[in-house]
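**Q** Only the shape, not the letters, is given here:
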(Lines give C-alpha, C1' and ligand atoms only; values in the text may rest on other atoms or scores of the structure.)
Protein backbone atom coordinates (compact mmCIF):
# COMPACT_ATOMS: atom_id res chain seq x y z
CA UNK A 1 0.00 0.00 0.00
CA UNK A 2 2.81 2.40 0.91
CA UNK A 3 4.62 1.69 -2.36
CA UNK A 4 1.39 2.27 -4.27
CA UNK A 5 0.87 5.66 -2.60
CA UNK A 6 4.51 6.55 -3.21
CA UNK A 7 4.10 5.64 -6.88
CA UNK A 8 1.06 7.89 -7.21
CA UNK A 9 2.84 10.79 -5.49
CA UNK A 10 5.88 10.55 -7.74
CA UNK A 11 3.67 10.12 -10.78
CA UNK A 12 1.98 13.42 -9.94
CA UNK A 13 5.32 15.08 -9.18
CA UNK A 14 6.60 13.83 -12.57
CA UNK A 15 3.84 15.79 -14.32
CA UNK A 16 4.28 18.84 -12.08
CA UNK A 17 7.95 18.76 -13.02
CA UNK A 18 6.97 18.67 -16.69
CA UNK A 19 4.77 21.73 -16.13
CA UNK A 20 7.70 23.54 -14.48
CA UNK A 21 9.88 22.74 -17.49
CA UNK A 22 7.17 24.06 -19.81
CA UNK A 23 7.13 27.28 -17.75
CA UNK A 24 10.83 27.65 -18.54
CA UNK A 25 9.78 28.68 -22.07
CA UNK A 26 8.59 31.92 -20.47
CA UNK A 27 11.98 32.28 -18.81
CA UNK A 28 13.84 31.82 -22.07
CA UNK A 29 11.55 34.35 -23.74
CA UNK A 30 12.15 36.96 -21.02
CA UNK A 31 15.94 36.46 -20.98
CA UNK A 32 16.22 36.70 -24.75
CA UNK A 33 13.88 39.70 -25.01
CA UNK A 34 15.60 41.54 -22.18
CA UNK A 35 19.11 40.94 -23.53
CA UNK A 36 18.25 42.22 -27.03
CA UNK A 37 16.83 45.43 -28.46
CA UNK A 38 13.24 46.59 -28.11
CA UNK A 39 12.63 46.65 -31.87
CA UNK A 40 12.87 42.83 -31.97
CA UNK A 41 10.88 41.93 -28.85
CA UNK A 42 7.74 40.77 -30.66
CA UNK A 43 9.80 38.56 -32.97
CA UNK A 44 11.53 36.94 -30.00
CA UNK A 45 8.28 36.28 -28.18
CA UNK A 46 6.83 34.73 -31.32
CA UNK A 47 9.86 32.47 -31.77
CA UNK A 48 9.72 31.20 -28.20
CA UNK A 49 6.01 30.51 -28.57
CA UNK A 50 6.48 28.64 -31.84
CA UNK A 51 9.39 26.60 -30.46
CA UNK A 52 6.96 24.74 -28.28
CA UNK A 53 4.06 24.65 -30.72
CA UNK A 54 6.10 23.46 -33.71
CA UNK A 55 7.98 21.09 -31.42
CA UNK A 56 4.70 19.56 -30.28
CA UNK A 57 3.61 18.89 -33.86
CA UNK A 58 6.96 17.33 -34.77
CA UNK A 59 7.04 15.27 -31.57
CA UNK A 60 3.61 13.84 -32.34
CA UNK A 61 4.53 13.01 -35.93
CA UNK A 62 7.97 11.46 -35.43
CA UNK A 63 10.02 12.78 -32.49
CA UNK A 64 8.49 10.76 -29.65
CA UNK A 65 8.75 7.41 -31.42
CA UNK A 66 12.36 8.09 -32.47
CA UNK A 67 13.18 8.85 -28.84
CA UNK A 68 11.23 6.22 -26.88
CA UNK A 69 10.12 3.74 -29.51
CA UNK A 70 11.39 0.15 -29.50
CA UNK A 71 15.19 0.31 -29.72
CA UNK A 72 16.66 -0.46 -33.14
CA UNK A 73 20.36 -1.47 -32.93
CA UNK A 74 20.96 1.15 -30.22
CA UNK A 75 20.61 4.05 -32.64
CA UNK A 76 16.95 5.07 -32.95
CA UNK A 77 13.54 4.19 -31.62
CA UNK A 78 11.17 2.43 -33.98
CA UNK A 79 8.94 4.99 -35.73
CA UNK A 80 5.26 4.58 -34.96
CA UNK A 81 1.95 6.30 -34.27
CA UNK A 82 0.88 4.74 -30.97
CA UNK A 83 -0.57 8.08 -29.91
CA UNK A 84 -3.21 7.53 -32.64
CA UNK A 85 -3.42 3.74 -32.93
CA UNK A 86 -3.21 2.75 -29.24
CA UNK A 87 -4.18 5.80 -27.25
CA UNK A 88 -5.75 3.80 -24.38
CA UNK A 89 -2.35 2.22 -23.64
CA UNK A 90 -0.24 5.23 -24.60
CA UNK A 91 2.48 6.52 -22.24
CA UNK A 92 0.91 9.96 -21.78
CA UNK A 93 3.16 11.18 -18.96
CA UNK A 94 6.39 10.31 -20.75
CA UNK A 95 5.15 12.01 -23.90
CA UNK A 96 4.51 15.32 -22.14
CA UNK A 97 7.69 15.11 -20.07
CA UNK A 98 9.96 14.48 -23.05
CA UNK A 99 8.11 17.02 -25.19
CA UNK A 100 8.89 19.92 -22.86
CA UNK A 101 12.56 18.92 -22.80
CA UNK A 102 12.58 18.77 -26.59
CA UNK A 103 11.19 22.31 -26.82
CA UNK A 104 13.97 23.53 -24.52
CA UNK A 105 16.63 22.26 -26.92
CA UNK A 106 15.17 24.24 -29.82
CA UNK A 107 14.68 27.47 -27.90
CA UNK A 108 18.36 27.67 -26.87
CA UNK A 109 19.26 28.32 -30.51
CA UNK A 110 16.96 31.33 -30.73
CA UNK A 111 19.05 33.57 -28.48
CA UNK A 112 22.36 33.24 -30.32
CA UNK A 113 20.69 33.91 -33.68
CA UNK A 114 18.48 36.74 -32.42
CA UNK A 115 17.83 40.06 -34.21
CA UNK A 116 18.83 38.98 -37.74
CA UNK A 117 17.23 35.62 -38.60
CA UNK A 118 14.32 35.16 -41.00
CA UNK A 119 11.29 33.92 -39.11
CA UNK A 120 10.43 31.30 -41.74
CA UNK A 121 13.95 29.90 -41.61
CA UNK A 122 13.77 29.81 -37.84
CA UNK A 123 10.56 27.79 -37.94
CA UNK A 124 12.12 25.28 -40.32
CA UNK A 125 15.28 24.58 -38.33
CA UNK A 126 13.32 24.52 -35.07
CA UNK A 127 11.18 21.75 -36.59
CA UNK A 128 14.27 19.79 -37.65
CA UNK A 129 15.78 20.02 -34.16
CA UNK A 130 12.54 18.90 -32.51
CA UNK A 131 11.71 16.16 -34.99
CA UNK A 132 15.08 14.66 -35.81
CA UNK A 133 18.26 15.97 -34.18
CA UNK A 134 17.20 15.91 -30.53
CA UNK A 135 15.08 12.71 -30.50
CA UNK A 136 17.81 10.53 -32.01
CA UNK A 137 20.66 11.57 -29.71
CA UNK A 138 18.28 11.60 -26.73
CA UNK A 139 17.39 7.99 -27.61
CA UNK A 140 21.07 7.09 -27.30
CA UNK A 141 21.09 8.48 -23.75
CA UNK A 142 17.57 7.97 -22.35
CA UNK A 143 15.76 5.65 -24.73
CA UNK A 144 17.87 2.54 -24.20
CA UNK A 145 20.36 3.41 -26.95
CA UNK A 146 24.04 2.58 -27.16
CA UNK A 147 25.28 5.30 -24.79
CA UNK A 148 22.86 4.21 -22.07
CA UNK A 149 24.02 0.60 -22.55
CA UNK A 150 27.73 1.37 -21.97
CA UNK A 151 27.15 3.44 -18.81
CA UNK A 152 27.17 7.06 -20.04
CA UNK A 153 25.34 9.29 -17.55
CA UNK A 154 23.39 12.49 -18.22
CA UNK A 155 20.58 12.61 -15.70
CA UNK A 156 18.66 15.67 -16.94
CA UNK A 157 20.33 16.95 -20.09
CA UNK A 158 23.64 18.84 -19.85
CA UNK A 159 24.66 16.91 -22.95
CA UNK A 160 21.39 15.82 -24.56
CA UNK A 161 19.73 19.23 -24.33
CA UNK A 162 22.10 22.06 -23.47
CA UNK A 163 25.22 21.02 -25.35
CA UNK A 164 23.15 20.09 -28.40
CA UNK A 165 21.19 23.35 -28.32
CA UNK A 166 24.43 25.22 -27.71
CA UNK A 167 26.34 23.74 -30.64
CA UNK A 168 23.37 24.41 -32.92
CA UNK A 169 23.40 27.99 -31.65
CA UNK A 170 27.14 28.32 -32.27
CA UNK A 171 26.94 27.03 -35.84
CA UNK A 172 23.84 29.09 -36.56
CA UNK A 173 25.43 32.31 -35.29
CA UNK A 174 28.50 31.60 -37.41
CA UNK A 175 26.37 31.05 -40.53
CA UNK A 176 24.45 34.28 -39.91
CA UNK A 177 27.36 36.57 -39.16
CA UNK A 178 27.30 39.38 -36.58
CA UNK A 179 24.62 42.01 -36.12
CA UNK A 180 25.25 45.34 -37.83
CA UNK A 181 27.48 47.44 -35.57
CA UNK A 182 28.76 44.60 -33.37
CA UNK A 183 32.31 44.75 -34.73
CA UNK A 184 34.31 47.69 -36.06
CA UNK A 185 36.57 46.92 -39.03
CA UNK A 186 39.50 48.79 -40.53
CA UNK A 187 40.01 49.50 -44.23
CA UNK A 188 41.43 45.99 -44.70
CA UNK A 189 38.23 44.45 -43.30
CA UNK A 190 40.04 43.37 -40.15
CA UNK A 191 38.08 43.55 -36.89
CA UNK A 192 39.71 46.11 -34.62
CA UNK A 193 37.03 46.62 -31.97
CA UNK A 194 34.16 44.80 -30.29
CA UNK A 195 31.16 47.04 -29.62
CA UNK A 196 28.68 46.39 -26.84
CA UNK A 197 25.02 46.28 -27.86
CA UNK A 198 23.21 46.40 -24.52
CA UNK A 199 19.92 44.64 -23.96
CA UNK A 200 16.95 46.98 -23.70
CA UNK A 201 15.49 45.61 -20.46
CA UNK A 202 17.61 43.85 -17.85
CA UNK A 203 14.58 43.69 -15.57
CA UNK A 204 12.99 41.28 -18.07
CA UNK A 205 16.28 39.39 -18.28
CA UNK A 206 16.44 39.01 -14.49
CA UNK A 207 12.81 37.88 -14.34
CA UNK A 208 13.59 35.28 -16.99
CA UNK A 209 16.59 34.09 -14.98
CA UNK A 210 14.48 33.56 -11.85
CA UNK A 211 11.76 31.79 -13.86
CA UNK A 212 14.37 29.45 -15.33
CA UNK A 213 15.92 28.76 -11.92
CA UNK A 214 12.50 27.85 -10.53
CA UNK A 215 11.76 25.66 -13.53
CA UNK A 216 15.11 23.92 -13.15
CA UNK A 217 13.93 22.21 -9.96
CA UNK A 218 11.46 20.40 -12.19
CA UNK A 219 14.00 20.04 -14.99
CA UNK A 220 16.46 18.20 -12.72
CA UNK A 221 14.13 16.79 -10.10
CA UNK A 222 11.12 15.46 -11.96
CA UNK A 223 12.69 12.07 -12.67
CA UNK A 224 13.69 11.44 -9.04
CA UNK A 225 12.46 8.11 -7.66
CA UNK A 226 12.66 8.77 -3.91
CA UNK A 227 12.27 11.65 -1.50
CA UNK A 228 15.93 11.34 -0.51
CA UNK A 229 17.10 11.53 -4.11
CA UNK A 230 14.79 14.45 -4.81
CA UNK A 231 16.13 16.33 -1.80
CA UNK A 232 19.73 15.74 -2.86
CA UNK A 233 18.94 16.95 -6.39
CA UNK A 234 17.37 20.12 -5.02
CA UNK A 235 20.49 20.76 -2.92
CA UNK A 236 22.96 20.37 -5.80
CA UNK A 237 20.64 22.33 -8.13
CA UNK A 238 20.72 25.21 -5.65
CA UNK A 239 24.41 25.18 -4.74
CA UNK A 240 25.92 25.13 -8.24
CA UNK A 241 24.20 28.22 -9.71
CA UNK A 242 24.60 30.19 -6.48
CA UNK A 243 28.36 29.52 -6.37
CA UNK A 244 28.67 30.20 -10.11
CA UNK A 245 27.03 33.60 -9.70
CA UNK A 246 29.21 34.61 -6.74
CA UNK A 247 32.38 33.57 -8.56
CA UNK A 248 31.30 35.45 -11.69
CA UNK A 249 30.46 38.57 -9.68
CA UNK A 250 33.88 38.59 -7.98
CA UNK A 251 35.72 37.87 -11.23
CA UNK A 252 33.98 40.58 -13.28
CA UNK A 253 34.37 43.04 -10.40
CA UNK A 254 38.13 42.46 -10.42
CA UNK A 255 38.54 42.25 -14.19
CA UNK A 256 36.21 45.05 -15.32
CA UNK A 257 36.14 47.27 -12.25
CA UNK A 258 32.44 46.68 -11.52
CA UNK A 259 30.27 43.57 -11.15
CA UNK A 260 28.58 42.85 -14.48
CA UNK A 261 24.81 42.42 -14.05
CA UNK A 262 24.01 40.58 -17.28
CA UNK A 263 27.05 38.33 -16.95
CA UNK A 264 25.99 37.33 -13.43
CA UNK A 265 22.53 36.45 -14.73
CA UNK A 266 24.23 34.27 -17.34
CA UNK A 267 26.40 32.72 -14.63
CA UNK A 268 23.33 31.58 -12.68
CA UNK A 269 22.11 29.79 -15.80
CA UNK A 270 25.59 28.42 -16.48
CA UNK A 271 25.71 26.85 -13.03
CA UNK A 272 22.30 25.29 -13.61
CA UNK A 273 23.36 23.89 -16.99
CA UNK A 274 26.57 22.45 -15.56
CA UNK A 275 24.85 20.65 -12.66
CA UNK A 276 22.11 19.19 -14.84
CA UNK A 277 23.98 16.01 -15.85
CA UNK A 278 25.46 15.11 -12.42
CA UNK A 279 22.72 16.57 -10.19
CA UNK A 280 21.68 13.10 -8.92
CA UNK A 281 25.16 11.62 -8.45
CA UNK A 282 27.28 14.40 -6.96
CA UNK A 283 27.52 15.77 -3.43
CA UNK A 284 27.75 19.31 -2.07
CA UNK A 285 31.51 19.55 -2.63
CA UNK A 286 31.15 18.46 -6.23
CA UNK A 287 28.33 20.97 -6.79
CA UNK A 288 30.51 23.77 -5.39
CA UNK A 289 33.42 23.00 -7.72
CA UNK A 290 31.15 22.47 -10.72
CA UNK A 291 29.43 25.81 -10.04
CA UNK A 292 32.70 27.70 -9.51
CA UNK A 293 34.11 26.51 -12.82
CA UNK A 294 30.83 27.35 -14.56
CA UNK A 295 30.97 30.93 -13.22
CA UNK A 296 34.39 31.43 -14.80
CA UNK A 297 33.65 29.46 -17.94
CA UNK A 298 30.70 31.65 -18.90
CA UNK A 299 32.88 34.79 -18.79
CA UNK A 300 35.58 33.06 -20.79
CA UNK A 301 33.02 31.87 -23.32
CA UNK A 302 31.61 35.34 -23.95
CA UNK A 303 35.15 36.74 -24.31
CA UNK A 304 36.19 33.91 -26.65
CA UNK A 305 33.27 34.44 -29.00
CA UNK A 306 33.62 38.24 -29.03
CA UNK A 307 37.37 38.72 -29.21
CA UNK A 308 38.78 35.55 -30.79
CA UNK A 309 36.08 33.82 -32.84
CA UNK A 310 34.21 37.06 -33.67
CA UNK A 311 30.87 35.30 -33.43
CA UNK A 312 27.98 37.47 -32.27
CA UNK A 313 25.84 35.81 -29.59
CA UNK A 314 23.47 38.45 -28.18
CA UNK A 315 22.40 36.51 -25.08
CA UNK A 316 25.44 34.34 -24.30
CA UNK A 317 23.68 31.09 -25.27
CA UNK A 318 26.88 29.44 -26.48
CA UNK A 319 28.84 30.27 -23.31
CA UNK A 320 25.96 29.21 -21.05
CA UNK A 321 24.64 26.10 -22.78
CA UNK A 322 27.34 24.74 -25.09
CA UNK A 323 30.42 25.25 -22.94
CA UNK A 324 28.77 24.45 -19.63
CA UNK A 325 26.86 21.58 -21.17
CA UNK A 326 30.20 20.02 -22.05
CA UNK A 327 31.62 20.88 -18.64
CA UNK A 328 28.69 19.40 -16.73
CA UNK A 329 28.80 16.16 -18.72
CA UNK A 330 32.58 15.91 -18.26
CA UNK A 331 32.30 16.78 -14.54
CA UNK A 332 30.06 13.77 -14.01
CA UNK A 333 33.12 11.62 -14.67
CA UNK A 334 35.02 13.54 -12.00
CA UNK A 335 32.51 14.04 -9.18
CA UNK A 336 30.06 11.10 -9.34
CA UNK A 337 29.93 9.53 -5.87
CA UNK A 338 27.96 6.53 -4.63
CA UNK A 339 27.21 8.43 -1.43
CA UNK A 340 24.45 10.21 -3.39
CA UNK A 341 20.96 8.75 -2.73
CA UNK A 342 19.74 6.33 -5.39
CA UNK A 343 23.16 6.10 -7.07
CA UNK A 344 22.94 3.79 -10.09
CA UNK A 345 25.77 4.26 -12.62
CA UNK A 346 27.09 0.98 -13.99
CA UNK A 347 28.85 -0.22 -17.13
CA UNK A 348 27.54 -2.78 -19.60
CA UNK A 349 28.66 -5.59 -17.28
CA UNK A 350 26.76 -4.19 -14.33
CA UNK A 351 29.89 -2.97 -12.54
CA UNK A 352 29.38 0.23 -10.51
CA UNK A 353 31.22 3.30 -11.80
CA UNK A 354 32.19 6.36 -9.76
CA UNK A 355 34.03 9.55 -10.59
CA UNK A 356 37.77 10.03 -10.86
CA UNK A 357 37.99 12.19 -7.72
CA UNK A 358 36.14 9.56 -5.70
CA UNK A 359 38.43 6.67 -6.53
CA UNK A 360 36.73 5.41 -9.68
CA UNK A 361 39.63 5.91 -12.07
CA UNK A 362 39.19 7.09 -15.65
CA UNK A 363 36.57 4.63 -16.87
CA UNK A 364 33.46 6.74 -16.22
CA UNK A 365 35.31 9.85 -17.37
CA UNK A 366 36.21 8.09 -20.60
CA UNK A 367 32.60 7.05 -21.18
CA UNK A 368 31.48 10.65 -20.61
CA UNK A 369 34.01 11.86 -23.19
CA UNK A 370 32.77 9.28 -25.71
CA UNK A 371 29.24 10.56 -25.19
CA UNK A 372 30.27 14.20 -25.57
CA UNK A 373 32.18 13.59 -28.81
CA UNK A 374 29.55 11.35 -30.43
CA UNK A 375 26.55 13.56 -29.59
CA UNK A 376 28.49 16.67 -30.57
CA UNK A 377 29.42 15.14 -33.94
CA UNK A 378 25.81 14.10 -34.64
CA UNK A 379 24.36 17.49 -33.76
CA UNK A 380 27.05 19.50 -35.56
CA UNK A 381 26.80 17.56 -38.82
CA UNK A 382 23.01 17.46 -38.97
CA UNK A 383 22.47 21.12 -38.06
CA UNK A 384 25.14 22.21 -40.56
CA UNK A 385 23.36 20.33 -43.33
CA UNK A 386 20.07 21.84 -42.16
CA UNK A 387 21.41 25.40 -42.27
CA UNK A 388 22.99 24.86 -45.69
CA UNK A 389 19.70 23.61 -47.13
CA UNK A 390 17.69 26.44 -45.51
CA UNK A 391 20.20 29.02 -46.72
CA UNK A 392 19.96 27.69 -50.28
CA UNK A 393 16.15 27.56 -50.33
CA UNK A 394 14.91 30.40 -48.11
CA UNK A 395 17.98 32.29 -46.96
CA UNK A 396 18.87 32.59 -43.29
CA UNK A 397 19.38 36.30 -42.71
CA UNK A 398 17.07 39.26 -43.18
CA UNK A 399 18.21 42.21 -45.30
CA UNK A 400 20.27 45.04 -43.85
CA UNK A 401 17.31 47.39 -44.05
CA UNK A 402 15.04 44.91 -42.24
CA UNK A 403 17.62 44.38 -39.50
CA UNK A 404 18.05 48.11 -38.91
CA UNK A 405 14.29 48.72 -38.91
CA UNK A 406 13.69 45.80 -36.56
CA UNK A 407 12.11 42.39 -37.03
CA UNK A 408 8.91 43.33 -35.22
CA UNK A 409 7.93 45.63 -38.06
CA UNK A 410 9.45 43.80 -41.01
CA UNK A 411 8.69 40.18 -40.10
CA UNK A 412 5.41 40.57 -38.22
CA UNK A 413 3.93 43.94 -39.17
CA UNK A 414 4.14 44.97 -35.52
CA UNK A 415 4.99 48.66 -35.05
CA UNK A 416 6.25 47.98 -31.53
CA UNK A 417 5.94 45.43 -28.77
CA UNK A 418 5.61 48.42 -26.44
CA UNK A 419 2.63 50.32 -27.82
CA UNK A 420 2.16 53.52 -25.84
CA UNK A 421 5.82 53.77 -24.87
CA UNK A 422 8.53 55.82 -26.54
CA UNK A 423 11.33 53.38 -27.37
CA UNK A 424 14.73 54.62 -28.52
CA UNK A 425 17.61 52.38 -29.59
CA UNK A 426 20.70 53.72 -27.79
CA UNK A 427 23.19 51.54 -29.65
CA UNK A 428 24.66 51.88 -33.08
CA UNK A 429 27.72 53.31 -34.79
CA UNK A 430 30.04 54.75 -32.19
CA UNK A 431 31.51 58.26 -32.19
CA UNK A 432 34.89 57.90 -30.51
CA UNK A 433 36.74 60.39 -28.35
CA UNK A 434 40.00 61.33 -30.06
CA UNK A 435 42.83 63.82 -29.72
CA UNK A 436 40.70 66.55 -31.28
CA UNK A 437 37.88 66.39 -28.74
CA UNK A 438 39.90 67.41 -25.66
CA UNK A 439 40.31 71.19 -25.69
CA UNK A 440 43.24 71.27 -23.26
CA UNK A 441 41.70 72.79 -20.12
CA UNK A 442 38.60 72.30 -18.02
CA UNK A 443 38.96 75.70 -16.29
CA UNK A 444 36.54 78.21 -17.82
CA UNK A 445 38.52 81.20 -16.51
CA UNK A 446 41.69 79.97 -18.21
CA UNK A 447 40.11 78.80 -21.46
CA UNK A 448 40.37 81.04 -24.50
CA UNK A 449 37.34 82.38 -26.33
CA UNK A 450 37.99 79.83 -29.07
CA UNK A 451 38.02 76.97 -26.57
CA UNK A 452 34.81 78.21 -24.95
CA UNK A 453 33.09 78.51 -28.32
CA UNK A 454 34.23 75.03 -29.37
CA UNK A 455 32.93 73.40 -26.15
CA UNK A 456 29.63 75.31 -25.97
CA UNK A 457 28.88 76.94 -29.34
CA UNK A 458 26.24 79.65 -29.52
CA UNK A 459 23.92 79.86 -32.54
CA UNK A 460 22.03 83.16 -32.68
CA UNK A 461 19.37 84.55 -34.99
CA UNK A 462 19.15 87.81 -33.03
CA UNK A 463 19.12 90.88 -35.30
CA UNK A 464 17.91 89.04 -38.37
CA UNK A 465 14.39 90.43 -37.85
CA UNK A 466 13.11 93.60 -36.09
CA UNK A 467 13.63 93.00 -32.36
CA UNK A 468 10.98 93.27 -29.63
CA UNK A 469 13.64 93.08 -26.93
CA UNK A 470 12.44 89.59 -25.99
CA UNK A 471 14.72 86.61 -26.57
CA UNK A 472 14.33 82.86 -26.33
CA UNK A 473 17.42 80.94 -25.23
CA UNK A 474 17.49 77.17 -25.87
CA UNK A 475 20.27 75.28 -24.08
CA UNK A 476 21.17 71.66 -24.92
CA UNK A 477 23.40 70.14 -22.23
CA UNK A 478 24.45 66.93 -20.52
CA UNK A 479 21.91 65.60 -18.07
CA UNK A 480 24.49 65.68 -15.30
CA UNK A 481 24.83 69.49 -15.60
CA UNK A 482 21.13 70.25 -15.20
CA UNK A 483 21.13 70.94 -11.48
CA UNK A 484 24.02 73.40 -11.74
CA UNK A 485 22.43 75.08 -14.75
CA UNK A 486 19.08 75.45 -12.98
CA UNK A 487 20.69 77.04 -9.93
CA UNK A 488 22.77 79.39 -12.09
CA UNK A 489 19.66 80.53 -13.98
CA UNK A 490 17.78 81.05 -10.71
CA UNK A 491 20.61 83.23 -9.39
CA UNK A 492 20.30 85.41 -12.50
CA UNK A 493 16.62 85.92 -11.75
CA UNK A 494 15.16 83.40 -14.17
CA UNK A 495 12.41 81.64 -12.24
CA UNK A 496 10.56 79.94 -15.11
CA UNK A 497 11.96 77.52 -17.66
CA UNK A 498 10.80 74.62 -19.80
CA UNK A 499 12.89 71.46 -19.38
CA UNK A 500 12.73 68.44 -21.69
CA UNK A 501 14.80 65.26 -21.51
CA UNK A 502 16.08 64.35 -24.96
CA UNK A 503 18.65 62.07 -26.59
CA UNK A 504 21.64 63.62 -28.32
CA UNK A 505 24.13 62.18 -30.79
CA UNK A 506 27.65 63.32 -30.07
CA UNK A 507 31.00 62.85 -28.38
CA UNK A 508 31.28 61.79 -24.76
CA UNK A 509 34.59 61.23 -23.06
CA UNK A 510 34.98 57.47 -22.52
CA UNK A 511 34.94 56.14 -18.98
CA UNK A 512 36.00 52.60 -19.77
CA UNK A 513 32.67 51.03 -18.76
CA UNK A 514 32.12 47.41 -19.82
CA UNK A 515 29.03 45.47 -20.84
CA UNK A 516 29.70 41.72 -21.00
CA UNK A 517 33.40 42.50 -21.34
CA UNK A 518 33.06 44.84 -24.33
CA UNK A 519 33.64 48.59 -24.04
CA UNK A 520 30.34 50.39 -23.73
CA UNK A 521 30.03 53.41 -26.01
CA UNK A 522 26.66 54.94 -26.75
CA UNK A 523 26.04 57.19 -29.72
CA UNK A 524 22.72 58.42 -28.36
CA UNK A 525 23.29 60.03 -24.98
CA UNK A 526 20.80 61.41 -22.46
CA UNK A 527 20.59 65.21 -22.68
CA UNK A 528 18.36 67.99 -21.41
CA UNK A 529 16.87 70.85 -23.36
CA UNK A 530 16.25 73.98 -21.28
CA UNK A 531 14.21 76.83 -22.78
CA UNK A 532 13.98 80.28 -21.19
CA UNK A 533 12.48 83.53 -22.47
CA UNK A 534 13.97 86.80 -21.16
CA UNK A 535 13.49 90.53 -21.66
CA UNK A 536 14.78 92.48 -18.67
CA UNK A 537 17.70 90.11 -18.01
CA UNK A 538 20.35 90.74 -20.68
CA UNK A 539 20.51 87.80 -23.07
CA UNK A 540 24.32 88.09 -23.12
CA UNK A 541 24.35 87.46 -19.36
CA UNK A 542 22.21 84.34 -19.77
CA UNK A 543 24.51 83.04 -22.51
CA UNK A 544 27.70 83.68 -20.56
CA UNK A 545 26.30 82.10 -17.39
CA UNK A 546 25.19 79.00 -19.30
CA UNK A 547 28.57 78.66 -21.02
CA UNK A 548 30.44 78.96 -17.73
CA UNK A 549 28.17 76.42 -16.04
CA UNK A 550 28.36 73.84 -18.82
CA UNK A 551 32.04 74.11 -19.70
CA UNK A 552 34.25 71.09 -18.88
CA UNK A 553 36.84 71.52 -21.61
CA UNK A 554 35.53 69.01 -24.12
CA UNK A 555 33.70 69.22 -27.40
CA UNK A 556 30.11 68.25 -26.72
CA UNK A 557 29.68 70.13 -23.43
CA UNK A 558 26.55 71.72 -24.84
CA UNK A 559 25.07 74.11 -27.36
CA UNK A 560 23.09 77.34 -27.02
CA UNK A 561 20.56 78.72 -29.51
CA UNK A 562 19.24 82.29 -29.28
CA UNK A 563 16.13 83.54 -31.07
CA UNK A 564 14.22 86.81 -31.30
CA UNK A 565 10.66 86.41 -30.00
CA UNK A 566 8.00 88.34 -31.92
CA UNK A 567 5.17 87.94 -29.43
CA UNK A 568 4.51 86.55 -25.93
CA UNK A 569 0.98 86.09 -24.55
CA UNK A 570 0.12 84.94 -21.02
CA UNK A 571 -3.07 82.90 -21.43
CA UNK A 572 -4.31 83.28 -17.84
CA UNK A 573 -4.27 87.10 -17.77
CA UNK A 574 -4.05 88.12 -21.41
CA UNK A 575 -0.86 90.13 -20.73
CA UNK A 576 1.47 90.44 -23.68
CA UNK A 577 5.18 90.79 -24.43
CA UNK A 578 7.35 92.12 -21.55
CA UNK A 579 4.43 92.24 -19.13
CA UNK A 580 3.74 88.55 -19.71
CA UNK A 581 7.24 87.63 -18.49
CA UNK A 582 7.31 89.46 -15.20
CA UNK A 583 6.67 86.38 -13.02
CA UNK A 584 9.37 84.25 -14.64
CA UNK A 585 12.32 86.64 -14.53
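**A** Done, it's in. The structure displayed is predicted, hence computed values, not measured ones.

**Q** Now residue 576, what are its backbone angles?
**A** Phi and psi for residue 576, reported as degrees, to the nearest 10, are phi -130, psi 160.

**Q** For it, which residues are in contact?
**A** Residues in contact with residue 576 (CB atoms under 8 Å, 6 or more residues apart in numbering) are 567-570. The way it works is simple: take the backbone N, C-alpha and C, and place the C-beta from them, glycine included.

**Q** measure it to residue 542 for me?
**A** 22 Å (CB to CB, to the nearest Å).

**Q** picking up where we left off before, would you mind giving the contacts of residue 576 as CSV with neighbour count and secondary structure added?
**A** Output for the contacts of residue 576, formatted as CSV (neighbours: other CB atoms under 10 Å; DSSP: H, G, I helix; E, B strand; the rest coil):
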residue, neighbour count, secondary structure
567, 9, coil
568, 17, coil
569, 10, strand
570, 15, coil
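
**Q** need the longest helix for this protein.
**A** Longest helix in the chain by number of residues, with DSSP state H as the criterion: helix 2-34.

**Q** so how far is that one off the chain centroid?
**A** Helix 2-34 has its C-alpha centroid displaced from the chain centroid by 24 Å (CA atoms, centre = their mean, to the nearest Å).

**Q** Which strands and helices lie in contact with it?
**A** Helices and strands touching helix 2-34, by 3 or more CB pairs under 8 Å, 6 or more residues apart in numbering; DSSP states H and E, are helix 41-58, helix 92-112, helix 202-221.

**Q** after the last one comes which helix or strand?
**A** Okay, so that is helix 202-221. helix 227-256 (DSSP states H and E).

**Q** Can you give the distance of that next one from its chain's centre?
**A** 19 Å.

**Q** what comes up buried for the following helix or strand past that helix?
**A** Next in sequence after helix 227-256, counting helices and strands by DSSP H and E, comes helix 261-276. Residues 261-276 are the ones in helix 261-276 that count as buried (16 or more other CB atoms under 10 Å).

**Q** Quick check: of those, which lies closest to residue 247?
**A** residue 267 (7.3 Å; CB to CB).

**Q** who touches the closest one in this structure?
**A** Residue 267 touches 241, 244-245, 247-249, 294-295, 298-299, counting by CB under 8 Å, 6+ apart.

**Q** quick check: angle from the host helix or strand of residue 327 to helix 92-112?
**A** Element membership for residue 327, per DSSP H and E: helix 324-335. Here helix 324-335 runs at 120 degrees with respect to helix 92-112, directions being taken by axes from the mean of the first three to the mean of the last three CA atoms, to 10 degrees.

**Q** mind listing what's buried in the following helix or strand past helix 324-335?
**A** Once the chain leaves helix 324-335, the next helix or strand it forms, by DSSP H and E, is helix 363-393. Buried residues in helix 363-393, counting neighbours by 16+ other CB under 10 Å, are found at 364-365, 367-369, 371-372, 374-376, 378-380, 382-384, 386-387, 390.

**Q** Determine the angle, from 0 to 180 degrees, between helix 363-393 and helix 92-112.
**A** 70 degrees.

**Q** Low-confidence ranges, the stretch 301-450 of the chain, go.
**A** 422-440 (pLDDT under 70).
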